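**Student:** Prediction below, plus the sequence it came from.
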Amino acid sequence: MGKRLNGLAVRIGRLKFINPVMAASGTFGYGQEYKELVRIDGLGAIVTKSITLKPLKGNAPPRIWESTAGMLNAIGLQNDGIEDFLANRLPFLKDLNTRIIASIAGKCRQEYKELAKRLESAPVDAIEINISCPNVEHHGSARLFAQDAKETAGIVRAVRKATKKTVITKLSPNVTDITEIAKAAEGAGTDAISLINTLIGMDVDITTQRPRLANITGGLSGPAIKPVALRMTWEVYQAVKIPIIGIGGIMSTEDALAFFLCGARAIQVGTANFVNPQTITSIIDGISNYLKKNRLKSIQELTGRLKI
Ligand SMILES: Cc1cc2nc3c(=O)[nH]c(=O)nc-3n(C[C@H](O)[C@H](O)[C@H](O)COP(=O)(O)O)c2cc1C
């Protein structure tokens, strides 16, 4: 599985990863888009853009806005659907020497279950459940699945039953108490938790007096959200026993290491892929150098080692 560096391997669920650095969903396409820019074979994993049952057009433009120390996006889960993924995206991904994590998103439990079933015989290593989608069916409002412990547990249980693959549940930071949702996902059988997805935000153009995004609100990502993501990683680390994959504003090796200290077993790099596609590989090398310098045998020694 790609280039091995001493001490970087980690285990999540039944899977071993050559290193703990992954490309985050929606920021790395389906790998192919980045193949000329990055040493893809050296990555810990690629998490695909979230896949839905049917193709989705996404939201109207403008749907990206650069904000102070971050970006707002309202892509709206644009993707070509599971059939296209299996037929046209997976053939490229399956030949890579990196783990492939398929991110799935649905409008109801049944859709998540169906997606997991469709992926069961496909050459993907794990499923990441994106529950940051509005629960249209039960609330008829913009309330996200990930804002409700019962809904979270219901989706995780449905996916768990439908697959033998490693299951990762991705949490939203748009909640009052993230530990409650993390515990619900753990109780329902997820192998790991990834966090955080984007924070809901908005920005305004005072000249036109309109919102910057056609969708009005969007998801905030990038350096601006790192302190929130670290706080939530630390809180969840103390609340659950399963591995945590830290995400949010990781732009450098130093950022990544802070997540390990707060309890992450692995990390994902998102917005940084748009700024400099080499970030992700430089973080892998950076962590390796840090281990050598600090005479650590394994990155796993760092997880949760925050001194307080
Ligand atoms: C343009 C864009 C598209 C995204 N699409 C998805 C997606 O399809 N599914 C998902 O789970 N997260 C999606 N995310 C969220 C990222 O995977 C990540 O959780 C978030 O951006 C925080 O990490 P970052 O600050 O490193 O970007 C998207 C983020 C961005 C910026």
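**Tutor:** Yep, that arrived.
**Student:** In contact with Ala266, which residues are there?
**Tutor:** Contacts here follow CB atoms under 8 Å, 6 or more residues apart in numbering; on that basis Ala266 touches 10, 12, 17, 20-22, 44, 243, 245-246. All C-beta spots, glycine's among them, are computed from the backbone N, C-alpha and C.
**Student:** which one of those is nearest Ala256?
**Tutor:** Val21 (7.0 Å; CB to CB).
**Student:** For burial, what's the neighbour tally of that closest one?
**Tutor:** 29 (other CB atoms under 10 Å).
**Student:** any idea which helix or strand of this structure has the worst average confidence?
**Tutor:** helix 136-139 (a mean of 55; mean pLDDT, DSSP states H and E).
**Student:** ok, the closest residue to the ligand within the stretch 101-250 of the chain - how many residues close by?
**Tutor:** Taking CB to the nearest ligand atom, the ligand has its nearest neighbour within the stretch 101-250 of the chain at Ser221, 3.2 Å off. Ser221: 29 surrounding residues under other CB under 10 Å.
**Student:** tell me the pLDDT at Trp195?
**Tutor:** You called it Trp, but residue 195 is Leu. On pLDDT, Leu195 comes in at 98.
**Student:** which residues does it bridge with?
**Tutor:** Gly246 (DSSP bridges).
**Student:** same thing with the one 4 residues further on?
**Tutor:** Partner residues in beta bridges with Leu199: Leu220, with DSSP bridges as the criterion.
**Student:** pretty sure it is touching Asn174, no?
**Tutor:** Yes. At 6.4 Å, Leu199 counts as touching Asn174 under the criterion of CB atoms under 8 Å.
**Student:** Distance from the chain centre to the helix or strand harbouring Ile287, please.
**Tutor:** Here Ile287 sits within helix 279-293, counting by DSSP states H and E. Centre-to-centre, helix 279-293 and its host chain are 20 Å apart (CA atoms, centre = their mean, to the nearest Å).
**Student:** so Glu151 sits in a helix?
**Tutor:** Yes. Per DSSP: H, G, I helix; E, B strand; the rest coil, Glu151 lies within a helix segment.
**Student:** and it, what pLDDT?
**Tutor:** For Glu151, pLDDT reads 95.
**Student:** What about it, how many residues nearby?
**Tutor:** Glu151: 22 neighbours (other CB under 10 Å).
**Student:** which residue packs closest to the residue of the stretch 151-300 of the chain found nearest the ligand, ignoring adjacent ones?
**Tutor:** Using CB to the nearest ligand atom, the closest approach of the stretch 151-300 of the chain to the ligand is made by Gly270 at 2.5 Å. Nearest non-adjacent residue to Gly270, counting by CB to CB, 6 or more residues apart in numbering: Ala24, 3.6 Å away.
**Student:** do the same with Gly249
**Tutor:** Lys226 (3.1 Å).
**Student:** now Leu5
**Tutor:** Ser288 (4.4 Å).
**Student:** Spit out the contact partners of that neighbour.
**Tutor:** Contacts of Ser288 were listed using CB under 8 Å, 6+ apart, and they are 5-8.
**Student:** Make a ChimeraX selection of the buried ones in the residues you listed.
**Tutor:** The buried residues among the contacts of Ser288 can be selected in ChimeraX (16 or more other CB atoms under 10 Å) with this line:
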select :5,7,8
